[in-house]
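J.: Pasted the sequence and its predicted model underneath.
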Amino acid sequence: AQTVTQSQPEMSVQEAETVTLSCTYDTSESNYYLFWYKQPPSRQMILVIRQEAYKQQNATENRFSVNFQKAAKSFSLKISDSQLGDTAMYFCAFMNSYNTDKLIFGTGTRLQVFP
Amino acid sequence: ETGVTQTPRHLVMGMTNKKSLKCEQHLGHNAMYWYKQSAKKPLELMFVYSLEERVENNSVPSRFSPECPNSSHLFLHLHTLQPEDSALYLCASSQEPTSGGYNEQFFGPGTRLTVL
């Protein structure tokens, strides 16, 4: 069975600084997708960034980028130039390419951005 | 209304009550999901509906009963719940890919349920 592990329950960062959130996963599959979701205090889960496992290039979306290490089964999220609005829970998630109805989530990392 | 909406946003109920959670998606999607989010636990997928048919039921107790009358609406009927069922219940929707690819799930704001 696939599992997703986020080992950092809480993180904090000063505004304008860079922070990296960790995620590891376990799967025997070779084709899959990985995601980072953000859940602000409003509770609405928002997709931040996704990565296809067959792509070697790390995904980037503006200030958000990932470090995808397939062999190590690691998928970390880097937030550059942190903003107060980045304060939220961040969830790492895994999806098998043959079962795209099922997202498997980690336990989340609570990120606090301080002014 | 845009995106995925859920009502009510908060619900407090006794163990003998019967209540329903409602989810509506305005995105033209054909798949809908119910998740349970408890503190310090991963989101748990409860039910999946694709083209209004249930395709996944992750061993959810029968006190939770889903209903999908059409592709835009999803309900979760609750009866004789337990205090450990208190959680945030999230609804999501997506468009099933026609050939390969993945289907991005769009989430609603959730219903915070408290069972006394």
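T.: Now that the structure is in, tell me what you want to look at. Numbers count the residues shown, from 1 in each chain, chains lettered A, B, ... in the order given.
J.: Now the closest residue to chain B within chain A, what are its backbone angles?
T.: Nearest to chain B in chain A, going by CB to the nearest CB, is A:Met45, at a distance of 3.7 Å. Using the backbone N, CA and C atoms, a C-beta is placed for each residue, glycine as well. When quoted as degrees, to the nearest 10, the phi and psi of A:Met45 stand at phi -70, psi 130.
J.: Name the residues of the host helix or strand of A:Asn67 that are buried.
T.: For A:Asn67, the host element (DSSP states H and E) is strand A:64-69. Within strand A:64-69, the residues scored as buried using 16 or more other CB atoms under 10 Å in any protein chain shown are A:64-66, A:68.
J.: how about a markdown table for the residues you listed, with distance to A:Thr87 added?
T.: Putting the buried residues of strand A:64-69 into a markdown table (distance: CB to CB, whole Å) gives the following:
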| residue | distance to A:Thr87 |
| --- | --- |
| A:Phe64 | 14 |
| A:Ser65 | 19 |
| A:Val66 | 20 |
| A:Phe68 | 25 |
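J.: Please report how far the residue nearest the centre of chain B lies from chain A.
T.: Nearest to the geometric centre of chain B sits B:Trp34, at 2.5 Å (CA atoms, centre = their mean). The gap separating B:Trp34 from chain A is 12 Å, by CB to the nearest CB, to the nearest Å.
J.: Helix, strand or coil: sort out that residue for me.
T.: With DSSP: H, G, I helix; E, B strand; the rest coil as the basis, B:Trp34 sits in strand.
J.: A:Ser7 too?
T.: Under three-state DSSP, A:Ser7 falls in the coil class.
J.: what's the burial count for it?
T.: Close neighbours of A:Ser7, defined as other CB atoms under 10 Å in any protein chain shown, add up to 11.
J.: quick one: the helices in chain A?
T.: Counting by DSSP state H, chain A forms no helices at all.
J.: What parts of it come near chain B?
T.: A:4, A:9, A:33, A:37, A:42-47, A:50, A:91, A:95, A:97, A:100-108 (CB under 8 Å from any CB of the partner chain).
J.: Identify the residues contacting residue 106.
T.: With no chain named, the answer covers chain A. Contacts for A:Gly106 (CB atoms under 8 Å, 6 or more residues apart in numbering or on different chains) come out as A:4-6, A:23, A:91-93, B:42.
J.: that's the wrong chain, I wanted chain B
T.: Each residue near B:Phe106 by CB under 8 Å, 6+ apart is listed here: B:3-4, B:25, B:27, B:29, B:92-94.
J.: picking that back up, please name the bridge partners of the residue nearest to the centre of chain B.
T.: For B:Trp34, the beta-bridge partners are B:Phe47, B:Cys91 (DSSP bridges).
J.: B:Ser65 versus that one, what's the distance?
T.: Distance of B:Trp34 to B:Ser65, given as CB to CB, to the nearest Å: 11 Å.
J.: which neighbours do those two share?
T.: B:Leu76.
J.: Quick one: neighbours of the closest residue to B:Glu52 other than its chain neighbours, just the number.
T.: Nearest non-adjacent residue to B:Glu52, counting by CB to CB, 6 or more residues apart in numbering or on different chains: B:Cys68, 5.1 Å away. Per other CB under 10 Å, the neighbour tally for B:Cys68 reads 21.
J.: rewinding a little: for the residue nearest to the centre of chain B, give me the pLDDT.
T.: Predicted confidence (pLDDT) at B:Trp34: the value is 96.
J.: which helices and strands does the least confident helix or strand in chain B by mean pLDDT pack with?
T.: Taking mean pLDDT, DSSP states H and E as the measure, the helix or strand of chain B with the lowest value is strand B:53-57, at a mean of 76. Taking 3 or more CB pairs under 8 Å, 6 or more residues apart in numbering or on different chains; DSSP states H and E as contact, the helices and strands that strand B:53-57 lies on are strand B:44-50, strand B:64-70.
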